[in-house]
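[1] could you work out the structure for the sequence below:
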Amino acid sequence: MKNLYSFSAMLCLSLLFVNCKSEKKTQDFKSITDAYFKEKNELNPLDATQNDQHDYDDQLVFEMTDSYRKKKNAFYEKYLTELKSVDTTQLSEEEKNSYEIIKWESEVGTGILKQNGNLTPIEQFDGTHITMGQFASAESAQPFKTESDYKKFLKRMNLYSVWVDSAMVYMKKGMALKVVLPKALAEKVVPQFEDMITPKVEDNLFYSSCKKFPADFTEEQKSSLSKEYAATINEKLIPQFQKLVTFMKTEYVPACRSTSGIGSLTGGNELYKALVKQWTTTEKTPAEIHELGLKEVALLNSEMEKVKNEVGFKGTLKEFLNDVRTKKELRPFTDPQQVMDNFERIYKTIKPNVDKLFSLQPKTPFRIKRTEAFREKTASAEYMQGSADGSRPGTFYVPIPDVKNYNVLEDEDLFLHEAIPGHHFQISLQQESKTLPDFRKFNWFGAYGEGWALYCESLGKELGLYKDPYQYLGMLNDEMHRAIRLVVDTGIHSKGWTREQAIQYSLDNEAETEASITSEIERYMAIPGQALSYKIGQLKILELRQKAKDKMKDKFDIKVFHQKVLESGVLPLELLEKKINNWIATGK
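    Down below sits the predicted model:
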């Protein structure tokens, strides 16, 4: 009996040792994910503010500089090394996802940094100057609740004035190497900065927060902060904006290229391949994606023909699309508020039906808002996430630059994509998660995030929408829009297509206005690869849903499928597929 007790004691100690070892490994990995998130925020302080990580609200990095890029590369190399020490057999399934995400981001990040994308630091659609303008409006993620908040953004404004100088330095380096923007894009940047040069400081976008002081501020606080903001705007920002506008007009725009894609630049083909991998989270080549796009366009054309026949239009599909672009009945509004009211109507329509498809829903509040005037002319409709604690609602921004020409064709599917159950559900649930590490709560993969939102457009009939054939056509048209992106983005950047060629291809296949299509094509020119993410992700989610239905048969539950897709937040598509396959295999 004594030997048996000894053996039992030894076994218990052994199991205790194994459990402690497993706990230590898990704890070690948690320290890696925590440190990764902290350092990632330090390297991307504007993103940190957007994600409600407010320790960085007074910081701004000069992301185009060699010194910053060296620091960022060291960050990626550090975590690739640290991951090698992790025993993945001791990790939970979600921890394994975290491991693979850090590895993927670090490998792709080092690949991007090998390219020369930093030589074009300013474009018309996205980037530091756009984010700073949004923050300055005092209606975005930058907080303006305390005197300290105001001081932090004041410091950020001062850094921004220096950032403008750094941007010009690297644009000049780009000019020397003939790595410059297409002329059509550079010309769009000029008025964005001209709008920031105001005769009266009170009319300046960066003075906006001084018109919205919290009620508990004293007159002394208001006066002091107003003077400091006015001085920074008049003495630092406006002179820098004037300097940049002069540089753009007299030096940069004349030196810009006539070609449309980055494939025409030195190193451009390799940069595009790296960006395609980043945005699609796949190994698909530009050539493969181009062919996929052509097939999807053909398929959607046949579906649109059915709608054309249903409404009794007698001409060709191209003539039908031209008719839809200018159809008076689809441009019924005379006041911007009518546009906003229409989206509120759509919201009320789907509310009773959402529960039928989603058991997992976010707590974060939601609102619909018109896009700020300073960027409305060049902006697309978009979603801006709310705060993780729910204090700032998720916002669906609607640009209405010309209400009389506003076409309602795509309003229903646009709401499903940008708002509910698209970006608002996916991003809010990710931020609210109690199980994901912080770095994943505020992460983003375009193929998953935009793929999910495009998938949500297909849910319209189940949610009580698309009863009007023109609204269903709007959904098909928007899906066609994303299929066209596969063709024109790869066409522009890897096949030498011109801006005009891409515009014409779009006009031939979708019911958008030429002005809208032109803006979109210029967006693809500015952000190579980003436009590929939507359709690549949507097709994968649709494929996984069909596979689950086929394999699980009566056990398939659409609510559980949506929960499984959403509960882990954004994932590279390979990890999402692995997760859904595991769920199918268990039959649960």
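[2] going forward, measure contacts and count neighbours with C-alpha atoms only.
    Will do.
[3] what helices or strands is the strand or helix carrying residue 288 leaning on?
    Element membership for residue 288, per DSSP states H and E: helix 286-310. With contacts taken as 3 or more CA pairs under 8 Å, 6 or more residues apart in numbering; DSSP states H and E, helix 286-310 sits against helix 317-326, helix 469-494.
[4] buried residues in stretch 130-144, which are they?
    Neighbour counts using 16 or more other CA atoms under 10 Å place 130-138, 140-144 of stretch 130-144 among the buried residues.
[5] most centrally placed residue in the protein?
    Most central residue of the chain, judged by C-alpha distance to the mean C-alpha position with CA atoms, centre = their mean, is residue 446 at 6.3 Å.
[6] what's the distance between it and residue 533?
    Note on residue 446: its distance to residue 533, by CA to CA, to the nearest Å, is 5 Å.
[7] again with residue 147
    Residue 147 sits 41 Å away from residue 533, taking CA to CA as the criterion.
[8] for residue 254, same thing?
    As defined by CA to CA, residue 254 lies at a distance of 33 Å from residue 533.
[9] with neighbour numbers in mind, choose between those two.
    Neighbour comparison, residue 254 and residue 533: the larger count goes to residue 533, with 27 against 12 (by other CA atoms under 10 Å).
[10] what's the closest non-adjacent residue to that one?
    Nearest residue to residue 533, sequence neighbours excluded (CA to CA, 6 or more residues apart in numbering): residue 447, at 4.1 Å.
[11] nearest to residue 208, out of the helices and strands packed on helix 286-310?
    If you check each of those against residue 208 by CA to CA, helix 469-494 wins as the nearest, at 35.2 Å.
[12] buried ones in that closest one?
    By neighbour count, with 16+ other CA under 10 Å as the criterion, the buried positions of helix 469-494 are 470-494.
[13] returning to what we had before: could I get the helices and strands packed on helix 286-310 in a markdown table, plus columns for distance to residue 79 and mean pLDDT?
    Formatted as a markdown table, the entries for these read as follows, by distance: least, CA to CA, whole Å; pLDDT from 0 to 100:
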| stretch | distance to residue 79 | mean pLDDT |
| --- | --- | --- |
| helix 317-326 | 51 | 90 |
| helix 469-494 | 32 | 96 |
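[14] CSV please, covering these and showing distance to residue 513.
    Output for the helices and strands packed on helix 286-310, formatted as CSV (distance: least, CA to CA, whole Å):
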stretch, distance to residue 513
helix 317-326, 6
helix 469-494, 12
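[15] do you know which of the ones you listed lies nearest residue 365?
    Closest approach to residue 365 among the helices and strands packed on helix 286-310 is made by helix 469-494 (25.8 Å; CA to CA).
[16] what helices or strands is that closest one leaning on?
    Secondary-structure packing of helix 469-494 (3+ CA pairs under 8 Å, 6+ apart): helix 268-280, helix 286-310, helix 411-418, helix 499-509, helix 514-526, helix 533-552.
[17] cutoff 10 Å now
    Secondary-structure packing of helix 469-494 (3 or more CA pairs under 10 Å, 6 or more residues apart in numbering; DSSP states H and E): helix 268-280, helix 286-310, helix 317-326, helix 411-418, helix 446-457, helix 499-509, helix 514-526, helix 533-552.
[18] next, the angle helix 533-552 makes with the longest one.
    The one in question is helix 286-310. For helix 286-310 against helix 533-552, the angle between stretch directions is 80 degrees (axes from the mean of the first three to the mean of the last three CA atoms, to 10 degrees).
[19] give me the buried positions along helix 286-310.
    Within helix 286-310, the residues that qualify as buried by neighbour count (16+ other CA under 10 Å) are 286, 289-290, 292-294, 296-297, 300-301, 304-305, 307-308.
[20] same question for the third one.
    Under the neighbour-count criterion of 16+ other CA under 10 Å, helix 317-326 has 317, 318, 320, 321, 322, 324, 325 buried.
[21] which residues touch the closest residue to the first one other than its chain neighbours?
    Counting by CA to CA, 6+ apart, residue 305 is the residue found nearest to residue 317 once chain neighbours are left out, at 6.3 Å. Under the criterion of CA atoms under 10 Å, 6 or more residues apart in numbering, the contact list for residue 305 reads 313, 316, 317, 318, 320, 473.
[22] next: residue 93.
    Applying CA under 10 Å, 6+ apart to residue 93 gives the contacts 99, 579.
[23] the closest residue to residue 358 other than its chain neighbours and residue 421: what is the separation?
    Of all residues beyond its chain neighbours, the one nearest residue 358 is residue 559 (5.0 Å), with distances taken as CA to CA, 6+ apart. Applying CA to CA, one obtains 13 Å for the distance of residue 559 from residue 421.
[24] and for these two, which residues touch both?
    Between them, residue 559 and residue 421 share the neighbouring residues 357, 358, with contact defined by CA under 10 Å, 6+ apart.
[25] more neighbours, those two?
    Per other CA under 10 Å, whichever of residue 559 and residue 421 has more neighbours is residue 421, with 24 against 14.
[26] quick one, strands of this structure?
    Assigned by DSSP state E, the strands in the chain fall at 366-370, 382-384, 394-398.
[27] wait, which of those is closest to residue 541?
    Judged by CA to CA, the one of the strands of the chain that comes nearest to residue 541 is strand 382-384, at 20.7 Å.
[28] give the partner strands of the closest one in its sheet and their orientations.
    Sheet pairing for strand 382-384, assigned by DSSP bridges, gives strand 394-398 (antiparallel).
[29] model confidence over the partner strand, on average?
    Rounded to a whole number, the mean pLDDT of strand 394-398 is 95.
[30] now do stretch 87-101
    Mean predicted lDDT for stretch 87-101 stands at 96.
[31] got it, and stretch 451-466?
    Confidence over stretch 451-466, taken as the mean pLDDT, stands at 97.
[32] make CSV out of the helices and strands packed on helix 469-494 and add distance to residue 96.
    Formatted as CSV, the helices and strands packed on helix 469-494 follow (distance: least, CA to CA, whole Å):
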stretch, distance to residue 96
helix 268-280, 20
helix 286-310, 29
helix 317-326, 48
helix 411-418, 30
helix 446-457, 18
helix 499-509, 42
helix 514-526, 34
helix 533-552, 21
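[33] just the strands of the chain: most buried one?
    Ranked by mean neighbour count, the strands of the chain are led by strand 394-398 with a mean of 23 (mean count of other CA atoms under 10 Å).
[34] burial measure for residue 70, as a count.
    11.
[35] which neighbours do residue 446 and residue 533 share?
    Taking CA under 10 Å, 6+ apart as the contact definition, residue 446 and residue 533 share the neighbouring residues 278, 279, 280, 281.
[36] OK, contacts around the residue nearest to residue 221 when sequence neighbours are not counted?
    Closest residue to residue 221 apart from its sequence neighbours, by CA to CA, 6+ apart: residue 147 at 7.5 Å. When the contact criterion is CA under 10 Å, 6+ apart, the partners of residue 147 are 213, 214, 217, 221, 222, 225.
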